[in-house]
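Student: here is a sequence with its predicted model. Questions after.
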Amino acid sequence: MGRRRRQKVRRRPQKRIPDVYPCPDCGNTAIKIQIYRDNGMATVKCGSCSIEMTIDDVNPLTESVDIYGSFIDKFYEQRSVEA
Ligand SMILES: [Zn+2]
């Protein structure tokens, strides 16, 4: 007699979709955003070209999309200054 395998139905906790955004520098969707609410800051990092930026105007309502927006703004700001 074959062993009967009990199929366990395990509820997985909802997987958090990693916040990955397109990089304005290299064009790859490799921007990762980490929010440190305790410190009121966030880091933006590209896993592809390793561009990095710290955003320090994080409030409890700030979401990663907002961080991304600030990052894009700053990115082009810096670029226009350098150019
Ligand atoms: Zn990049």
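Tutor: That came through fine.

Student: phi and psi next, for residue 80.
Tutor: Torsion angles at residue 80 (phi, psi; degrees, to the nearest 10) stand at phi -70, psi -30.

Student: what is the burial count for it?
Tutor: Residue 80: 8 surrounding residues under other C-beta atoms under 10 Å. C-beta here means a position set from N, CA and C on the backbone, and glycine is covered the same way.

Student: now the lengthiest strand in the chain: buried residues?
Tutor: Counting residues, the longest strand in the chain under DSSP state E turns out to be strand 29-36. The neighbour-count criterion (16 or more other C-beta atoms under 10 Å) identifies 30-31, 33, 35 as the buried residues of strand 29-36.

Student: which bits of the protein sit near the ion?
Tutor: Among all residues of the chain, those adjacent to the ion (criterion: C-beta under 5 Å from the ion) are 23, 25-26, 46, 48-49.

Student: switch to 8 Å and redo it
Tutor: 23-28, 30-31, 46-51 (C-beta under 8 Å from the ion).

Student: low-confidence ranges in this structure?
Tutor: Across the chain, residues meeting the criterion (pLDDT under 70) sit at 1-3, 13-18, 82-83.

Student: tell me where it has helices.
Tutor: Read by DSSP state H, the chain holds these helices, from start to end of the chain: 64-82.

Student: using CSV, write out every CA atom in stretch 68-75.
Tutor: In CSV, the C-alpha atoms belonging to stretch 68-75 read as follows (Å, rounded to 0.1, in the frame of the first residue of the first chain):
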residue,chain,number,x,y,z
TYR,A,68,11.2,57.3,-6.5
GLY,A,69,9.7,60.6,-7.6
SER,A,70,12.1,62.6,-5.4
PHE,A,71,15.0,60.5,-6.7
ILE,A,72,14.1,61.2,-10.3
ASP,A,73,13.8,64.9,-9.6
LYS,A,74,17.1,65.0,-7.9
PHE,A,75,18.7,62.9,-10.5
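
Student: in it, what counts as buried?
Tutor: For stretch 68-75, by 16+ other C-beta under 10 Å, it's 68, 70-72, 75.

Student: residue 35 and residue 44: what is the separation?
Tutor: Between residue 35 and residue 44 the distance is 10 Å, computed by C-beta to C-beta, to the nearest Å.

Student: got any residues that touch both of those two?
Tutor: The overlap between the contact sets of residue 35 and residue 44 (C-beta atoms under 8 Å, 6 or more residues apart in numbering) consists of residue 67.
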